[in-house]
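Student: quick one: sequence and predicted model below, then my questions.
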Amino acid sequence: MINITSPGAYANAALSQMEQDAVAWLDGFYQLEHLLCTRMWAMKLCPEASAEVKFASLVHDAERNFPGGPPSTPGNGFDDPDYLFAHSMRSADIVEEWLRGRTPAPDEAFIRRVRHLVLRHEIGGGWEADFVQAADSLSFLESLDWITVDWVKNGHYTISEAREKLDYTVERIRPSVALAAALPLYESAVRALDASDEIKVDLKRRREIAGSRSFLLGLSREAEIAGASVR
């Protein structure tokens with residue numbers, strides 16, 4: 001069964017002011033829930049996570065909210081370097097521009113470190129980047145289990161082709177603690193994918209609440225109504 005997020009699931013995320021501003025910036029982005037979930041997993045995996053790790057986890061896929069980037073359904077495999085590098089580079093550029101546009105802007109060391117981690121969120125490299133990558137993977141399995149089903153229903157991929165995304169998501173994880181956490185999430189996501197033809201969840205509405213800052217942070221009564229209507 002597809003994971004159904006509760007209204008206000010991230011109400012207690014203890015976001016910094018800059019993180020709150022970033023969530024407002026990305027309000028309406030269908031992967032906003034995934035970004036919040038990635039930040040949560042980064043903190044679970046690494047309780048001493050730096051501000052840079054938390055922020056990079058929160059914004060790593062920002063580019064997909066803006067037209068002009070590589071498609072999120074690549075045609076040459078999910079591990080295609082051309083796709084991964086284009087996506088990561090564009091996200092890093094967009095995030096850096098946003099950070100430099102703040103008043104006052106964060107210090108240069110923070111900006112450069114966040115950029116480095118966003119650039120490496122797909123491939124890892126160094127312990128902090130490995131944890132960001134692992135958090136991204138865990139979050140995909142937990143918060144975006146619905147999207148592989150959506151891909152199949154919309155004809156982007158067959159079930160076996162979409163399954164490759166789930167397989168790759170687990171295979172790229174390096175930290176052993178993250179791999180252990182990933183296995184039950186992977187099994188659940190595979191079950192949902194295999195049952196694509198039987199799933200009755202309103203996937204259009206599921207996409208909407210996944211991008212709703214109000215719903216995810218529990219900012220209004222509207223969030224409760226949205227949660228009820230997705231089922």
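Tutor: Everything's here; your move.
Student: I'd say Cys37 and Ser143 touch.
Tutor: Yes: counting by CB atoms under 8 Å, Cys37 touches Ser143, with 4.1 Å between them. All C-beta spots, glycine's among them, are computed from the backbone N, C-alpha and C.
Student: the two: who's more crowded?
Tutor: Neighbour count, other CB atoms under 10 Å: between Cys37 and Ser143, Cys37 has more, with 29 against 25.
Student: can you give me the buried ones in stretch 120-133?
Tutor: By 16 or more other CB atoms under 10 Å, the buried positions in stretch 120-133 come out as 120-122, 124, 128-133.
Student: repeat for stretch 163-170
Tutor: 163-166, 169-170.
Student: distance of the nearest residue to Arg163 once chain neighbours are set aside from Pro184?
Tutor: Nearest residue to Arg163 in three dimensions, chain neighbours excluded: Leu193, at 6.2 Å (CB to CB, 6 or more residues apart in numbering). For Leu193, the distance to Pro184 (CB to CB, to the nearest Å) stands at 15 Å.
Student: neighbour-wise, which of these two wins?
Tutor: Neighbour count, other CB under 10 Å: between Leu193 and Pro184, Leu193 has more, with 23 against 11.
Student: which outside residues touch the host helix or strand of the more buried one?
Tutor: Element membership for Leu193, per DSSP states H and E: helix 176-194. For helix 176-194, contacts defined as CB atoms under 8 Å, 6 or more residues apart in numbering pick out 1-3, 41, 44-45, 131, 134-135, 137-138, 141-142, 145-146, 148-149, 152, 159, 162-163, 166, 169-170, 173, 199.
Student: hang on, the earlier thing: can you give me the pLDDT of the residue nearest to Arg163?
Tutor: Note on Leu193: pLDDT of 96.
Student: kindly report the same for the one 4 residues further on.
Tutor: In the predicted model, Asp197 carries a pLDDT score of 90.
Student: what about Leu138, how many residues nearby?
Tutor: For Leu138, the tally of surrounding residues (other CB under 10 Å) stands at 26.
Student: give me the three-state assignment for it.
Tutor: Using DSSP: H, G, I helix; E, B strand; the rest coil, the structure places Leu138 in helix.
Student: dump stretch 118-132 to PDB, restricted to CA.
Tutor: Once non-C-alpha atoms are left out, stretch 118-132 reads as follows in PDB (Å, rounded to 0.1, in the frame of the first residue of the first chain):
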ATOM      1  CA  VAL A 118      24.100  19.200  -3.600                       C
ATOM      2  CA  LEU A 119      26.500  18.400  -6.400                       C
ATOM      3  CA  ARG A 120      27.200  15.000  -4.800                       C
ATOM      4  CA  HIS A 121      23.800  14.000  -3.600                       C
ATOM      5  CA  GLU A 122      23.500  11.400  -6.400                       C
ATOM      6  CA  ILE A 123      27.000   9.900  -6.300                       C
ATOM      7  CA  GLY A 124      28.200  10.500  -2.700                       C
ATOM      8  CA  GLY A 125      31.900  10.900  -2.000                       C
ATOM      9  CA  GLY A 126      33.100  11.700   1.500                       C
ATOM     10  CA  TRP A 127      31.200  10.800   4.600                       C
ATOM     11  CA  GLU A 128      28.900  13.800   4.600                       C
ATOM     12  CA  ALA A 129      28.000  13.400   1.000                       C
ATOM     13  CA  ASP A 130      27.500   9.700   1.500                       C
ATOM     14  CA  PHE A 131      24.900  10.400   4.300                       C
ATOM     15  CA  VAL A 132      23.100  13.000   2.100                       C
END
